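Chemist: 3D model of this:
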Amino acid sequence: MKTIGLMGGMSWESTAEYYRIINEEVKARLGGFHSAKCVLDSVDFAEIEALQRGQHWPKMAQILARSARSVEAAGADFIVLCTNTMHKVAADIESAVRIPLLHIADATAKAVSARGLKKIGLLGTRFTMEEDFYRGRLSREHGIDVQVPDGPDREAVHRVIFQELVVGRVEPSSRQKLVSIIDGLARSGAEGVILGCTELGLLLKEKDSPLPVFDTTLIHARAAVELALKS
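Modeler: Modelled structure (predicted):
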């Protein structure tokens with residue numbers, strides 16, 4: 001079994017989900033007393049969030065490059081960055097280490113393609129929904145047509161993430177709001193929806209959604225186990 005290098009804390013609520021899912025998946029596949037071999041470097045999200053608000057991406061790249069070197073030094077065979085938004089600096093992380101990064105958008109695209117879908121809605125932070133580092137990767141490298149909500153709905157999703165989910169609040173009214181946003185994406189032709197923030201799965205489940213849901217935390221964690229157990 002390979003050692004998974006987790007870069008977490010963005011936020012710790014979703015990083016805890018990664019740890020749970022990875023270990024449950026290893027146990028389900030191997031049985032007995034098996035659990036995952038992994039190391040974790042967890043950053044202080046207050047520092048990252050402040051830098052995000054200020055658009056100080058080079059500084060964030062430095063912090064996460066240092067984190068990547070820490071998990072590599074601790075014996076990780078590959079890296080799992082436990083956040084969607086910070087994949088904006090994925091290239092900086094990859095250039096800082098010798099071990100590979102399991103990119104969350106690639107794992108998600110594989111899951112979408114396996115369902116035969118080509119037109120997909122995307123929810124996440126405003127950075128993930130509006131910038132090219134995530135949408136462009138899905139489109140250019142995987143041929144997926146990505147749709148995002150309109151401006152006010154993007155702000156609503158961003159607010160739910162940063163004012164509620166990253167501080168552990170799960171509000172039924174926000175679930176209803178997200179379902180209405182997904183309804184709008186469905187009316188625009190989306191065949192499914194990517195929960196492109198690792199906290200969104202804490203709020204929204206497949207049973208809640210009018211469209212098939214692709215929970216990036218679940219997908220990424222399972223992809224990490226697949227790679228860890230690959231001979």
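Chemist: center of the protein - which residue?
Modeler: Centre of the chain computed as the mean C-alpha position; nearest residue by C-alpha atoms, centre = their mean is residue 84, 3.8 Å away.
Chemist: which pLDDT value belongs to it?
Modeler: What the model reports as pLDDT for residue 84 is 97.
Chemist: also residue 104?
Modeler: Value listed for residue 104 in the pLDDT field: 98.
Chemist: ok, now the one 4 residues further on?
Modeler: Here the pLDDT value assigned to residue 108 is 98.
Chemist: secondary structure element for it?
Modeler: Element membership for residue 108, per DSSP states H and E: helix 104-114.
Chemist: got it, and residue 48?
Modeler: With DSSP H and E as the test, residue 48 turns up in helix 45-53.
Chemist: CA atoms only for that helix, dumped as CSV, please.
Modeler: As requested, the backbone C-alpha atoms of helix 45-53 are provided in CSV (Å, rounded to 0.1, in the frame of the first residue of the first chain):
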residue,chain,number,x,y,z
PHE,A,45,-7.2,28.2,7.2
ALA,A,46,-7.5,31.7,8.7
GLU,A,47,-4.3,32.6,7.0
ILE,A,48,-5.3,31.1,3.7
GLU,A,49,-8.8,32.7,3.7
ALA,A,50,-7.3,36.1,4.3
LEU,A,51,-4.9,35.7,1.4
GLN,A,52,-7.8,34.5,-0.8
ARG,A,53,-9.8,37.6,0.0
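Chemist: mind listing what's buried along it?
Modeler: For helix 45-53, the neighbour count (16 or more other C-beta atoms under 10 Å) marks 45, 48, 51, 52 as buried. C-beta here means a position set from N, CA and C on the backbone, and glycine is covered the same way.
Chemist: need those residues in CSV (columns: distance to residue 152 and pLDDT).
Modeler: Formatted as CSV, those follow (distance: C-beta to C-beta, whole Å; pLDDT from 0 to 100):
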residue, distance to residue 152, pLDDT
45, 26, 96
48, 26, 96
51, 26, 97
52, 21, 96
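Chemist: gap between the residue nearest to the centre of the chain and residue 116?
Modeler: 23 Å (C-beta to C-beta, to the nearest Å).
Chemist: with adjacent residues omitted, what lies nearest to residue 153?
Modeler: Excluding its sequence neighbours, the residue lying closest to residue 153 (C-beta to C-beta, 6 or more residues apart in numbering) is residue 181, at 4.8 Å.
Chemist: can I assume the one you found is in contact with residue 123?
Modeler: Yes - in this structure residue 181 lies within contact range of residue 123 using C-beta atoms under 8 Å: 7.1 Å.
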